[in-house]
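**Q** sequence and predicted structure, then a few things I'm wondering about:
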Amino acid sequence: MTALIALIRRELRIALRVGGGALIGVLFFLAVVVLMPFAIGPDLQLLQRLGPAVLWLGALLASLLTLDRLFMADHDDGSLDLIAMSRTPLELACAAKALAHWLAAGVPLVLATPVLGLLLNLDAAASAAIAATLLVGTPALTFTGMIGAALAVTLHRGGLLMAVLVLPLSIPILIFGVAAASAAITGPVAFGTPFQILCGLSLASLVIGPFAAAASLRQGLD
Amino acid sequence: MTLLNLANPTRFLTLAQRLLPWLAALTAILLVTGLTLAAMAPDDYQQGATVKIMFVHVPSAWLSMFVWGVMSLSAFGTLVWRHPLADVAAKAAAPFGAAFTFLALVTGSLWGRPMWGTYWEWDARLTSMLILFLMYLGLIALWRAVEDPSRAARACAIFTLVGAINLPIIKFSVDWWNTLHQPASVIRSGGPTLDKSFLIPLLVMAIGFSLMFVTLHLAAMRNEILRRRIRSLQLLQASQQQPGVA
C-alpha cells in the first residue's frame, strides 16, 4: 500500500513540475472549445444546443492526447522495468499510475468545464451537469485509454495507432456522457439512467483497464 | 490431442493440403446451390426483387461477428497455451473479418437505397457494423505496425480480447443511442418472420459462406506459415552473407 501511495505521489510530482506537461491538456481543451464557434458560427442558441457534445469531444481528445505520457517517459528512462520487476503486482501499479494520471490530467478538465460552459452560453445547472458527467466519465477514458498506451509503448509506436485503437472503445463512454449531459438540459429521458450507466462503464473500465494494460506490458517488456 | 499434434506446422501443412480441395469443392457446390435457390426464390410482396440482396447480406453480417469470435479463441490460444498456430490463425482471420464486414455494409447500403431512399442511415445496426469495421481495420494496422510476428501476435491478442469484451457494450450503447435519437423510423422493427421459401436459401447460403471462410482461412494460414519460413530463411541467408555481423 505504501508502495502504491509512493508511486502515486511520484507520478503527481513528475506531472506537475516544470516539463511535466499535465496542464497542457487543459490548454488543448480550451483551444478546441474556442475553435468550435469559428467552425459552426457565433449563434449562441446553436452553441448552447451543441454545448454538451462540444465539451465532451474536447475532453475526449484532450485525455487521448495526454495518454502518451502515461508510460512513455518511464519506458525511456527504464523505470518502467523497475516497476514491472518490483514486488507490487503490475496490475495495481498500472491502476495507481492511471489514477495519478487522471488526478493530474483529468480533474483539471472537469474543473475547467464551468468556465468553458460560459463561452458556450450554458447556464449554471447545465454546466454543473456536464461537469458531473465528466467527473465520472473521464476515469473511464483514462483507464480504457491506458490499454492503448500500454500497447503503444511496448511496440514503440505511439500517436495515431493508439488513437485508432482507443477511439472505437471510447464510443460507449461518449454516448452515455453526452446523453446524460443533454438529458440534464433538454433531453426526453431522465438524467439518472444514462448517468448511472456511465458510472457502470467507469467501474467496469477500472477493472478491465489495469489487467489488460499489465498483460500487454508484461508481454511486451520481456 | 489433435490440436497438440497440429502444433507442428509441417503436420498442419500436410493436413491443410489434404483438406483444402475437398473444402473448396464443397463450398463451390453449396454456394452454387444457394445462389440458384436464391435466384428462384419469389419476390417479396413489399420489397420486390431487392429482397435477394438479403442472401448475401445476412450471411456476411453473421460471419463478420463470427470471425471476431474465432480470433478471440485464437487470442486465448496465443496468450494462455502459447499454441504456435494460434497467432497464425488470428492473423489470417482479420482481413476476412474486415472483408465480410465491408461486404455487409456495402450490400446493406445498396439495399437501403431503394428501401429507405438513402445509402446511409445512422441506424443502430449499421452503426455498430461500422464500428466493428473500424476495429478490424485498427487490428490489421496493429498487425502491420510491428515487424516481429510473435510480438505483434501478443499485442493483437490482448486487443482482440479487449475488443471481444467491448463489442457487446458498444452494441448495447449504440442501440440505446439510436432509440434516443430517432424512435420508430424507417426500419420496421421486429421484421417479417421469414417464409420457408426465403429461409432455406438463406440457410444454404449461410453454410456456404461459413465453409468459404473455413477454406480461405486454412489457405491463408498455410500461406502465412510459408511466408514466415521464407522470411526466416532470408534472415538466415542475410546473416550468412555477412560473417561477423551474425
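**A** Looks like it arrived, so ask away. Residues are numbered from 1 along each chain as shown, chains lettered A, B, ... in the order given.
**Q** residues in chain B within reach of chain A, list them.
**A** With C-beta under 8 Å from any C-beta of the partner chain as the criterion, chain B meets chain A at residues B:79, B:131, B:134-135, B:137-138, B:141-142, B:145-146, B:151-152, B:154-155, B:158-159, B:161-163, B:165-166, B:169-170, B:172-174, B:176-177, B:180. Glycine gets a C-beta too; all of them are placed from N, C-alpha and C.
**Q** quick one: buried ones out of those residues?
**A** Taking 16 or more other C-beta atoms under 10 Å in any protein chain shown as the criterion, what is buried in the residues of chain B next to chain A is B:79, B:131, B:134-135, B:137-138, B:142, B:145-146, B:152, B:154-155, B:158-159, B:161-163, B:166, B:169-170, B:173-174, B:176-177, B:180.
**Q** report the mean per-residue pLDDT for the helix or strand hosting residue B:141.
**A** Assigned by DSSP states H and E, residue B:141 belongs to helix B:124-145. In this model, helix B:124-145 has a mean pLDDT of 88.
**Q** can you pull the phi/psi pair for the residue lying farthest from the centre of chain A?
**A** What lies farthest from the middle of chain A is residue A:43; by C-alpha atoms, centre = their mean that is 29.2 Å. Dihedral pair for residue A:43: phi -70, psi 110, per degrees, to the nearest 10.
**Q** which parts of chain A are helices?
**A** With DSSP state H, the ranges of helices along chain A come out as A:2-16, A:24-40, A:44-66, A:72-77, A:79-85, A:90-101, A:107-119, A:124-155, A:160-169, A:171-185, A:192-221.
**Q** could you dump those into TSV and include distance to residue B:67?
**A** Conversion of those to TSV gives the following (distance: least, C-beta to C-beta, whole Å):
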stretch	distance to residue B:67
helix A:2-16	39
helix A:24-40	36
helix A:44-66	28
helix A:72-77	33
helix A:79-85	33
helix A:90-101	30
helix A:107-119	37
helix A:124-155	21
helix A:160-169	16
helix A:171-185	20
helix A:192-221	21
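**Q** which residue packs closest to residue A:143, ignoring adjacent ones?
**A** The shortest distance from residue A:143 to any non-neighbouring residue, by C-beta to C-beta, 6 or more residues apart in numbering or on different chains, is to residue A:209 (3.4 Å).
**Q** who's in contact with the helix or strand of chain A with the lowest mean pLDDT?
**A** For chain A, scoring each helix and strand by mean pLDDT, DSSP states H and E identifies helix A:72-77 as the least confident one, at a mean of 84. Applying C-beta atoms under 8 Å, 6 or more residues apart in numbering or on different chains, the contact partners of helix A:72-77 are A:14, A:80, A:83, A:149, A:153, A:158.
**Q** if we can go back for a sec, what's near enough to touch the residue nearest to residue A:143?
**A** Each residue near residue A:209 by C-beta under 8 Å, 6+ apart is listed here: A:94-95, A:98, A:142-144, A:146-147.
**Q** could you give me the buried positions within the least confident helix or strand of chain A?
**A** Buried-residue list, helix A:72-77, by 16+ other C-beta under 10 Å: A:73-75.
**Q** now swap in stretch A:123-131 and tell me
**A** Buried, per 16+ other C-beta under 10 Å, within stretch A:123-131: A:126-127, A:129-131.
**Q** and it, how far out from the chain's middle?
**A** With C-alpha atoms, centre = their mean, to the nearest Å as the basis, stretch A:123-131 stands 19 Å off its chain's centre.
**Q** pLDDT (mean, whole number) over that stretch?
**A** 88.
**Q** contacts for it?
**A** By C-beta under 8 Å, 6+ apart, stretch A:123-131 touches A:51-52, A:55-56, A:110-111, A:113-114, A:117-118, A:122, A:180-181, A:184-185, A:191.
**Q** which of those sits closest to chain B?
**A** residue A:180 (11.1 Å; C-beta to the nearest C-beta).
**Q** I figured that closest one hits residue A:199, correct?
**A** No: under the criterion of C-beta atoms under 8 Å, residue A:180 lies out of contact with residue A:199, with a separation of 9.7 Å.
**Q** among those two, which residue is more densely surrounded?
**A** Taking neighbours as other C-beta atoms under 10 Å in any protein chain shown, residue A:180 and residue A:199 compare with residue A:180 leading, 29 against 17.
**Q** which bits of chain A sit near chain B?
**A** A:147, A:151, A:154-155, A:157, A:161, A:164-165, A:167-169, A:171-172, A:175-176, A:179, A:187-189, A:194, A:197, A:201, A:204, A:208, A:212, A:215-216, A:219-220.
**Q** for residue A:173, which non-adjacent residue is spatially closest?
**A** Of all residues not flanking residue A:173 in the chain, residue A:140 sits nearest, at 4.8 Å (C-beta to C-beta, 6+ apart).
**Q** other SSEs contacting the strand or helix carrying residue B:218?
**A** Using DSSP H and E, residue B:218 maps to helix B:196-241. Other helices and strands packing on helix B:196-241, by 3 or more C-beta pairs under 8 Å, 6 or more residues apart in numbering or on different chains; DSSP states H and E, are helix B:9-40, helix B:54-76, helix B:86-116.
**Q** please tabulate those in a markdown table, including the columns mean pLDDT.
**A** Formatted as a markdown table, those follow (pLDDT from 0 to 100):
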| stretch | mean pLDDT |
| --- | --- |
| helix B:9-40 | 87 |
| helix B:54-76 | 89 |
| helix B:86-116 | 88 |
